[in-house]
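**Student:** what's the 3D shape of this:
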Amino acid sequence: MNLYDTVVRFVDAAFKGKKAHFERTVFWLEKFLPETTEAHRIAAYAHDIERGVNGEENREYLNPDFLKRHQEEGARIIGEFLEKEGANVETVSKVKHLVSKHEVGGDDEQTALMDADSVSFFETNAEMFVRERVKIDGYEKVRGKLDWMFNRISTEERKNFARQNYEKWIAELEKFKNGE
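**Tutor:** Presented below is the predicted three-dimensional model:
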């Protein structure tokens, strides 16, 4: 089994099942970075490992301090896992570097991962926020999450991959607000 497949098994076990979001994040990162390496694919699949290890309840998903901790802790967790699996230093360093800024972007590769995460979010996770999290967190917080995930996409070209789904889920969220 190659290192990527080992990481997929680790992440899937942490989340107690396969997550389409991670597969689609890999897909979009490959589209945004045509010279994607195994390290890029690992980072894309494992970018949210902190949530899988530490749990998904009580997430302050719009709090900048939480986001900073989430990405840094995720980088630490996946880095330690890769080291335990015998990954080379360059791979560990690249994966940690990418995961450490996947929420806010940074250099071109970190920003591409952030963008891939957002486009994938609208394909795979936005529905859960609109249909389920809104009942817990309320309209304003979920609307803030959808707007933030869309507005953080770094280029208009990349936003166009998410725009239709963004608009669809905003319209669904408005129905909730209006009691429909």
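
**Student:** Asp137: how many residues sit nearby?
**Tutor:** Neighbour count for Asp137, taken as other C-beta atoms under 10 Å: 17. The way it works is simple: take the backbone N, C-alpha and C, and place the C-beta from them, glycine included.

**Student:** ditto for the one 3 residues further on
**Tutor:** Taking other C-beta under 10 Å as the criterion, the count of residues near Glu140 is 10.

**Student:** now it: how far from Glu50?
**Tutor:** Distance of Glu140 to Glu50, computed by C-beta to C-beta, to the nearest Å: 25 Å.

**Student:** distance from the helix or strand bottoming out on mean pLDDT in the chain to the middle of the chain?
**Tutor:** None of the helices or strands of the chain scores lower by mean pLDDT, DSSP states H and E than helix 134-137, at a mean of 91. The chain centre lies 20 Å from the centre of helix 134-137; the measure is C-alpha atoms, centre = their mean, to the nearest Å.

**Student:** now the helix or strand following that helix: buried residues?
**Tutor:** Toward the C-terminus, helix 134-137 is succeeded by helix 139-151 as the next helix or strand (DSSP states H and E). Residues of helix 139-151 classed as buried by neighbour count (16 or more other C-beta atoms under 10 Å): Val142, Arg143, Lys145, Leu146, Met149, Phe150.

**Student:** excluding chain neighbours, give the residue nearest to Val92 in space.
**Tutor:** Excluding the flanking residues, the one nearest Val92 by C-beta to C-beta, 6 or more residues apart in numbering is Leu82, at 4.7 Å.

**Student:** who's in contact with the one you found?
**Tutor:** Contacts for Leu82 (C-beta atoms under 8 Å, 6 or more residues apart in numbering) come out as Leu3, Val7, Ile42, Thr91, Val92, Val95.

**Student:** hmm, back to that, list of residues touching the least confident helix or strand of the chain?
**Tutor:** Val142, Leu173, Phe176.

**Student:** same thing with stretch 63-81?
**Tutor:** Outside stretch 63-81, the residues within contact range by C-beta under 8 Å, 6+ apart are 7, 10, 42-43, 46-51, 53-54, 59-61, 92, 95-97, 99-104.

**Student:** now those residues: which count as buried?
**Tutor:** Buried residues within the contacts of stretch 63-81, counting neighbours by 16+ other C-beta under 10 Å: 7, 10, 42-43, 46-51, 53, 61, 92, 95-97, 99-103.

**Student:** so which of the residues you listed are in helices?
**Tutor:** Counted as lying in helices by DSSP state H, out of the buried ones among the contacts of stretch 63-81, are 7, 10, 42-43, 46, 49-51, 53, 92, 95-97, 99.

**Student:** okay, those residues in CSV with pLDDT next?
**Tutor:** Formatted as CSV, these follow (pLDDT from 0 to 100):
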residue, pLDDT
Val7, 98
Phe10, 97
Ile42, 98
Ala43, 98
Ala46, 98
Ile49, 97
Glu50, 95
Arg51, 92
Val53, 93
Val92, 98
Val95, 98
Lys96, 98
His97, 98
Val99, 98
